[in-house]
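> Build me a structure from this.
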Amino acid sequence: DTLYFFGDNNFTEWGSLFQHYVPPPFRIPGTSPAYSFGIAGSGSGVPFHWHGPGFSEVIFGRKRWFLYPPDKTPHFHPNETTLAWLHRTYPALPPAQRPLECTLRPGEVLYFPDRWWHATLNLDTSVFISTFLG
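Reported below is the predicted structural model:
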């Protein structure tokens with residue numbers, strides 16, 4: 001399971017958490033950050049999707065990322081989990097059709113550009129914060 005907190009940055013309930021969080025110094029001029037905080041179990045994640053630009057930071061655990069540029073739509077079923085996609089679809093992909101990949105560890109940050117397809121897989125119990133720049 002994955003628990004996400006998406007909000008309007010009203011930190012009343014989460015104030016003590018964000019008092020200890022120092023966001024990475026990454027900005028895009030003319031944007032303001034919106035945070036998403038998550039706690040997730042091993043094997044969970046989000047299937048392929050895209051949205052505006054931002055970055056994701058892992059605080060605890062490891063999170064594997066799969067990314068495709070906007071002009072290269074990944075082959076996936078929207079109701080299939082990332083773990084199922086990794087076991088069923090990924091092995092049959094020719095090398096030229098495979099996504100860009102990385103695994104984030106605690107303290108590491110990944111920038112995801114505007115409209116890039118991405119999916120994630122939590123390799124461990126994970127805690128993470130994503131910052132959406134809009």
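> Can you verify Ala84 is assigned to a strand?
No: in this structure, Ala84 is helix, not part of a strand, as judged by DSSP: H, G, I helix; E, B strand; the rest coil.
> And the pLDDT for it?
What the model reports as pLDDT for Ala84 is 95.
> chain center to stretch 53-69, what's the gap?
4 Å (Cα atoms, centre = their mean, to the nearest Å).
> buried sites along it?
For stretch 53-69, burial by neighbour count (16 or more other Cβ atoms under 10 Å) applies to 53-58, 61-68. (C-beta placed from N, C-alpha, C; glycine too.)
> Just the CA atoms of it, as CSV, please.
Extracted C-alpha coordinates of stretch 53-69, given in CSV (Å, rounded to 0.1, in the frame of the first residue of the first chain):
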residue,chain,number,x,y,z
PRO,A,53,7.8,19.4,-13.9
GLY,A,54,9.1,18.7,-10.5
PHE,A,55,11.5,16.7,-8.4
SER,A,56,11.3,13.8,-6.0
GLU,A,57,13.4,13.1,-3.0
VAL,A,58,13.8,9.8,-1.1
ILE,A,59,14.1,10.2,2.7
PHE,A,60,14.0,6.5,3.6
GLY,A,61,14.2,3.3,1.5
ARG,A,62,14.8,3.0,-2.2
LYS,A,63,12.6,4.0,-5.2
ARG,A,64,13.1,2.8,-8.7
TRP,A,65,12.1,5.2,-11.6
PHE,A,66,11.3,4.5,-15.2
LEU,A,67,11.1,7.4,-17.6
TYR,A,68,10.2,8.1,-21.2
PRO,A,69,10.4,11.5,-23.0
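> who touches stretch 126-134?
21, 23-24, 26-28, 31-40, 42, 51-63, 104 (Cβ atoms under 8 Å, 6 or more residues apart in numbering).
> Just the buried residues of that stretch, please?
Neighbour-count burial for stretch 126-134 flags Ser126, Val127, Phe128, Ile129, Ser130, Thr131, Phe132, Leu133 (criterion: 16+ other Cβ under 10 Å).
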